[in-house]
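Colleague: Sequence first, predicted model second:
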Amino acid sequence: MPDSRAAVPAVTTIRLVYLARLREAFGRADEDMALLTAAPTVAAVLAMLRERGGVWADELAPGRAVRVALNHTVAGGDAPLRNGDEVALLPPVTGG
Amino acid sequence: MPDSRAAVPAVTTIRLVYLARLREAFGRADEDMALLTAAPTVAAVLAMLRERGGVWADELAPGRAVRVALNHTVAGGDAPLRNGDEVALLPPVTGG
Amino acid sequence: MPVRVQTEDFDAGREIAALRGTDPRVGAVASFIGTVRDVNDGSPVTAMTLEHYPGMTEKALAAIVDEARGRFSIVDALVIHRVGPMRPTDQIVLVAVTSAHRGDAFDACRFVMDILKTRAPFWKKEDTPGGARWVDARVSDAAAEARWGNEVEP
Amino acid sequence: MPVRVQTEDFDAGREIAALRGTDPRVGAVASFIGTVRDVNDGSPVTAMTLEHYPGMTEKALAAIVDEARGRFSIVDALVIHRVGPMRPTDQIVLVAVTSAHRGDAFDACRFVMDILKTRAPFWKKEDTPGGARWVDARVSDAAAEARWGNEVEP
């Protein structure tokens, strides 16, 4: 009997948040994104955003100093994502 | 003709000041001292005080951590003394 | 609450006094106030705005204070960071640390500032004669963080 | 006048605010307050008296501030040191330094405290259950001074 969970991948909906310079570059402060892959990660989301091209590809190009916070904690590219997660893209910080 | 300055050495009078623990050990805060040597130094004064023996010899024994301030500036043993100089004996400081 | 993010100014003297309170274990209070300068990277600055990431900011600052507590022997610590519009000479941030001895107080205060500069989610946008600009992160800040021997974050 | 020796307490917040004033070159204010602890070297301390060497004290403190100015890029500096009778939690000393950037402010503030501890003519006498005692100089203070690479004084 086939495993229905594998056959019909669940949709993972996350909230994307863009801070400071990235918010202005992207022209938005946040958006929801539905992920259809079976085991979505931070890196997969960044790849999807880069595929939008233009300013997205520029600002998120590999080597650009952008950090990702997953639910308010800095996370690496292999961090797995769950439904309802908040994924924020942070330019280098300049407080203090 | 003999040099009268060499024949009759000038008297150098200095003021000695004892601080903190040394003031209590010596039982006095200050005193005047007349120096008869031709070229008096800080080291000569310390030697004269040590010759008093007792607590003077103990507190000023070589190796004890006593600093000397000449006219309010820390000075070494070879610092020359002039009439009216203030020579203070300082135990290790503990401010701040 | 050792961490506050607020738009209002703060009374540094009152905050420092409240932090040390009447705790007789405290022998040393080190503090740092960051203020807005009227020039940055060679351009005159007439005003600036500090943006942050609500929700993450307090968490990041609290984590930095916790890390300082783990590294240094301190009694208490306080971080106040302002957000919103500011002008030259305004206060931006206060870090204050109490400790029995001065070495720990100085080290912990500087540690919190150095790590805050590279990890807390604040961003400055300055008004200059050439227009508004986001401030670039300083290489010297990364160097200051590296002095504490932290692993590089992802 | 960047150096004061006084019996009265001081308002650290007001002093720090006055030091930075409205100078828009200032981006960093580092400060240190030393306070009386209720224990020292394992003994309870109920009160203490700070003695100094009038005339030399101000000169020594001013020389330390001058040396800090020579070593670090600072805007201004202030040292207030109390003398006379004090009780646990009382303020003893304030050192505050303003600078464009935090590295110089932190370094200069710590430098002044470290050198003050080994060179400024102050002496503490503590009241303990075993009677009054002159406080011994700390080996750690000599080590702290040595970190700055000063030659040993005569």
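Modeller: In hand now; what should we look at?

Colleague: for whichever residue of chain C sits closest to chain B, what are its contacts?
Modeller: Ranking the residues of chain C by distance to chain B (Cβ to the nearest Cβ) places residue C:102 first, at 7.8 Å. Where you see a C-beta, it was placed from the backbone N, CA and C, and this is true even at glycine. Contacts for residue C:102 were tallied using Cβ atoms under 8 Å, 6 or more residues apart in numbering or on different chains; they are B:96, C:27-28, C:30, D:32, D:34, D:110, D:113.

Colleague: by how many degrees do the longest helix along chain C and helix D:102-119 diverge?
Modeller: Criterion DSSP state H: the longest helix present in chain C is helix C:102-119. For helix C:102-119 against helix D:102-119, the angle by axes from the mean of the first three to the mean of the last three Cα atoms, to 10 degrees is 180 degrees.

Colleague: and after helix C:102-119, which helix or strand comes next?
Modeller: strand C:122-128 (DSSP states H and E).

Colleague: Just name whatever secondary elements that following strand is in contact with.
Modeller: Where contact means 3 or more Cβ pairs under 8 Å, 6 or more residues apart in numbering or on different chains; DSSP states H and E, strand C:122-128 is packed against helix A:20-26, strand C:43-44, strand C:47-52, strand C:131-134.

Colleague: hmm, who's touching that strand?
Modeller: A:19-21, A:91, A:93-96, C:40, C:43-52, C:57, C:81, C:83, C:132-135.

Colleague: can we see that at 6 Å?
Modeller: The contact list for strand C:122-128 (Cβ atoms under 6 Å, 6 or more residues apart in numbering or on different chains) reads A:20, A:93-95, C:43, C:45-52, C:132-135.

Colleague: And that strand, how far out from the chain middle?
Modeller: Offset of strand C:122-128 from its chain centre (Cα atoms, centre = their mean, to the nearest Å): 16 Å.

Colleague: Render the CA-only coordinates of that strand in CSV, please.
Modeller: In CSV, the C-alpha atoms belonging to strand C:122-128 read as follows (Å, rounded to 0.1, in the frame of the first residue of the first chain):
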residue,chain,number,x,y,z
PHE,C,122,19.5,47.2,14.7
TRP,C,123,20.1,49.2,11.6
LYS,C,124,20.9,52.9,11.3
LYS,C,125,19.8,55.1,8.4
GLU,C,126,21.4,58.5,8.3
ASP,C,127,20.3,61.8,6.8
THR,C,128,23.2,63.4,5.1
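
Colleague: Next, the angle from that strand to strand C:47-52.
Modeller: Using the same axes, to 10 degrees: strand C:122-128 against strand C:47-52 is 160 degrees.

Colleague: Which of the helices and strands in chain A ranks last by mean pLDDT?
Modeller: helix A:4-7 (a mean of 52; mean pLDDT, DSSP states H and E).

Colleague: ok so, going back, which of the contacts of residue C:102 are close to chain A?
Modeller: Near chain A, judged by Cβ under 6 Å from any Cβ of the partner chain, there are no entries from the contacts of residue C:102.

Colleague: residue closest to the middle of chain A?
Modeller: In chain A, the centroid-proximal residue (Cα atoms, centre = their mean) is residue A:45; its distance is 4.0 Å.

Colleague: got the contact list for the closest residue in space to residue C:94 that isn't next to it in sequence?
Modeller: With sequence-adjacent residues excluded and distances taken as Cβ to Cβ, 6 or more residues apart in numbering or on different chains, residue C:94 is closest to residue C:80, at 4.5 Å. When contacts are counted by Cβ under 6 Å, 6+ apart, residue C:80 touches C:4, C:10, C:94.

Colleague: partner residues bridging residue C:43?
Modeller: Residue C:43 forms beta bridges with residue C:40, as assigned by DSSP bridges.

Colleague: still on that earlier bit, each with direction, which strands does the helix or strand containing the residue nearest to residue C:94 pair with?
Modeller: Using DSSP H and E, residue C:80 falls within strand C:76-82. In the sheet, strand C:76-82 lines up against strand C:3-6 (parallel), strand C:91-99 (antiparallel) (DSSP bridges).

Colleague: Show residues contacting the helix or strand following that strand.
Modeller: Remark: after strand C:76-82, the chain's next helix or strand is strand C:84-86, criterion DSSP H and E. Residues from elsewhere that reach strand C:84-86 (Cβ under 6 Å, 6+ apart): C:7, C:36, C:48-49.

Colleague: Same check on stretch A:71-81?
Modeller: A:12, A:14, A:40-43, A:67-68, A:70, A:85-86, C:55-56, C:59, C:153-154.

Colleague: Give me the subset of the residues you listed that lies in strands.
Modeller: Applying DSSP state E to these, the entries found in strands are A:12, A:14, A:67-68, A:70, A:86.

Colleague: For residue C:9, the count of nearby residues, please.
Modeller: 12 (other Cβ atoms under 10 Å in any protein chain shown).

Colleague: Ramachandran coordinates for it?
Modeller: For residue C:9, the backbone dihedrals (degrees, to the nearest 10) come out as phi -70, psi 170.

Colleague: repeat for residue C:12
Modeller: phi -60, psi -40.

Colleague: tell me the contacts of it?
Modeller: Counting by Cβ under 6 Å, 6+ apart, residue C:12 has contacts C:33, C:94, D:13.

Colleague: can you check residue C:47 too?
Modeller: Contacts of residue C:47 (Cβ under 6 Å, 6+ apart): C:87, C:127.

Colleague: Also the one 5 residues further on?
Modeller: Going by Cβ under 6 Å, 6+ apart, residue C:52 touches C:83, C:121-122.

Colleague: would JSON lines of these with neighbour count and pLDDT be doable?
Modeller: Shown next, in JSON lines, are the contacts of residue C:52 (neighbours: other Cβ atoms under 10 Å in any protein chain shown; pLDDT from 0 to 100):
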{"residue": "C:83", "neighbour count": "18", "pLDDT": "98"}
{"residue": "C:121", "neighbour count": "25", "pLDDT": "98"}
{"residue": "C:122", "neighbour count": "26", "pLDDT": "98"}
